[in-house]
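1. build me a structure from this.
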Amino acid sequence: MSNYYAVLGVHPAASAAEIKRAYRKLVQQLHPDVNPDPQAQELIKLVNEAYDVLGDEVKRREYDYRLENPYAPVYEPPPAPAHRDPRYRGTGGYRPPRAKGPTQYDLMATVLPYMKPIAIAGGLLFTLLVTDFFLPPARHIETLVKFRNEVYRRGWQDYLVTSTGRELRIEAADARRLSVNTQLVFTESAILGVLMDVQSVDGTIAVSNLGTLYGNFIFVPTLLIIGSVLWLLAVGSVEFRFNLGLVNLFVLIFTVILIFIS
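-> Model (predicted):
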């Protein structure tokens with residue numbers, strides 16, 4: 001009796017996923033389009049035979065028993081009793097086995113190559129953000145002309161409106177410290193124009209809690225580069241790289257949104 005584990009090159013305690021990966025690898029190596037050797041055609045038949053047994057849980061259990069007990073008699077189930085009605089022909093007949101669809105592991109492995117451009121894009125975007133942050137910023141002086149209030153989550157949200165029509169959401173404490181006709185300095189990044197700082201001309205009053213990419217969300221670019229580098233260097237399981245890629249995609253999208261709303 002052939003040792004199917006040796007044919008596939010796996011350990012007898014190998015999992016079903018490991019057996020499947022070994023089978024696919026051998027089929028790719030022995031395929032006639034890749035390997036024209038006539039012996040490869042005979043070997044691929046043996047590989048298919050081995051996977052037909054080891055890839056089926058019931059057949060594998062029976063095979064393992066026979067492998068450990070080569071001299072044990074083979075059990076043959078008794079024939080099904082004949083139906084009392086001679087005209088009975090049964091209800092089923094032969095039913096071909098259902099084709100197994102791709103597993104969750106297969107789907108993740110299929111999507112994984114498409115996540116590499118996402119990691120590369122995250123690294124490039126981080127480089128752009130670092131350059132944008134450290135270049136000399138642009139400063140614009142605008143006059144505060146009025147305040148605007150609106151209901152927000154069962155409360156009031158304050159906005160300041162400048163002479164150029166710019167609106168900026170601020171905290172209630174900042175609204176109480178500012179007054180109409182106050183001149184404000186808006187500091188924006190050189191390339192992307194992301195708002196970095198807002199304060200009065202004399203520097204005595206600064207708008208706190210600035211909800212921009214270079215304000216309260218300054219940690220987002222750090223998460224972006226960490227996720228991108230980890231994905232490109234990761235040598236872990238497919239599940240780990242897939243989940244890391246999803247997180248990386250979310251952080252990348254969130255970063256782009258923050259750039260546009262800043």
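
2. quick one: the strands in the chain, in order.
-> Along the chain, counting by DSSP state E, strands occupy 138-151, 156-162, 167-170, 183-188, 195-200.

3. now those strands as TSV including distance to Val111, mean pLDDT and mean neighbour count?
-> Where C-beta positions appear, they are placed from N, C-alpha and C, glycine not excepted. Converted to TSV, the strands of the chain look like this (distance: least, Cβ to Cβ, whole Å; pLDDT from 0 to 100; neighbours: other Cβ atoms under 10 Å):
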stretch	distance to Val111	mean pLDDT	mean neighbour count
strand 138-151	41	92	12
strand 156-162	40	90	17
strand 167-170	38	91	17
strand 183-188	38	95	18
strand 195-200	36	94	19
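
4. longest helix in the chain, please.
-> Taking DSSP state H as the criterion, the chain has its longest helix at helix 238-261.

5. could I get the CA-only coordinates of that one as PDB?
-> The C-alpha trace of helix 238-261 is given here as PDB (Å, rounded to 0.1, in the frame of the first residue of the first chain):
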ATOM      1  CA  VAL A 238      -2.500  34.800   5.800                       C
ATOM      2  CA  GLU A 239      -5.200  35.700   8.300                       C
ATOM      3  CA  PHE A 240      -2.900  38.100  10.100                       C
ATOM      4  CA  ARG A 241      -1.800  39.900   6.900                       C
ATOM      5  CA  PHE A 242      -5.400  40.000   5.700                       C
ATOM      6  CA  ASN A 243      -6.700  41.600   8.900                       C
ATOM      7  CA  LEU A 244      -3.800  44.000   9.000                       C
ATOM      8  CA  GLY A 245      -4.500  45.000   5.400                       C
ATOM      9  CA  LEU A 246      -8.100  45.800   6.200                       C
ATOM     10  CA  VAL A 247      -7.000  48.000   9.100                       C
ATOM     11  CA  ASN A 248      -4.500  49.700   6.800                       C
ATOM     12  CA  LEU A 249      -7.200  50.300   4.200                       C
ATOM     13  CA  PHE A 250      -9.500  51.900   6.800                       C
ATOM     14  CA  VAL A 251      -6.700  54.200   8.100                       C
ATOM     15  CA  LEU A 252      -5.700  55.200   4.600                       C
ATOM     16  CA  ILE A 253      -9.300  56.200   3.700                       C
ATOM     17  CA  PHE A 254      -9.700  58.000   7.100                       C
ATOM     18  CA  THR A 255      -6.500  59.900   6.400                       C
ATOM     19  CA  VAL A 256      -7.700  61.000   2.900                       C
ATOM     20  CA  ILE A 257     -11.000  62.200   4.400                       C
ATOM     21  CA  LEU A 258      -9.200  64.200   7.000                       C
ATOM     22  CA  ILE A 259      -7.100  65.900   4.300                       C
ATOM     23  CA  PHE A 260     -10.200  67.000   2.400                       C
ATOM     24  CA  ILE A 261     -12.200  68.200   5.400                       C
END
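
6. so where is the stretch 1-150 of the chain shaky, pLDDT-wise?
-> Counting by pLDDT under 70, the stretch 1-150 of the chain contains low-confidence ranges at 1, 71-101.

7. can you point out the buried residues in the longest helix of the chain?
-> 241-242, 244-245, 248-249, 251-252, 255, 258-259 (16 or more other Cβ atoms under 10 Å).

8. ranges for the helices of the stretch 51-200 of the chain?
-> 57-68, 104-111, 116-134, 172-177 (DSSP state H, counting those that start in this stretch).

9. most tightly packed of those helices?
-> Mean neighbour count (mean count of other Cβ atoms under 10 Å) peaks for helix 116-134 among those, with a mean of 16.

10. helices or strands up against that one?
-> helix 219-233, helix 238-261 (3 or more Cβ pairs under 8 Å, 6 or more residues apart in numbering; DSSP states H and E).

11. not counting its own residues, what contacts the last one?
-> Translated: helix 238-261. Around helix 238-261, the neighbours that count as contacts under Cβ atoms under 8 Å, 6 or more residues apart in numbering are 105, 108-109, 111-112, 115, 118-119, 121-122, 125, 129, 192, 194, 212-213, 217, 220-221, 223-224, 227-228, 230-231, 234.

12. many thanks, we can stop here.
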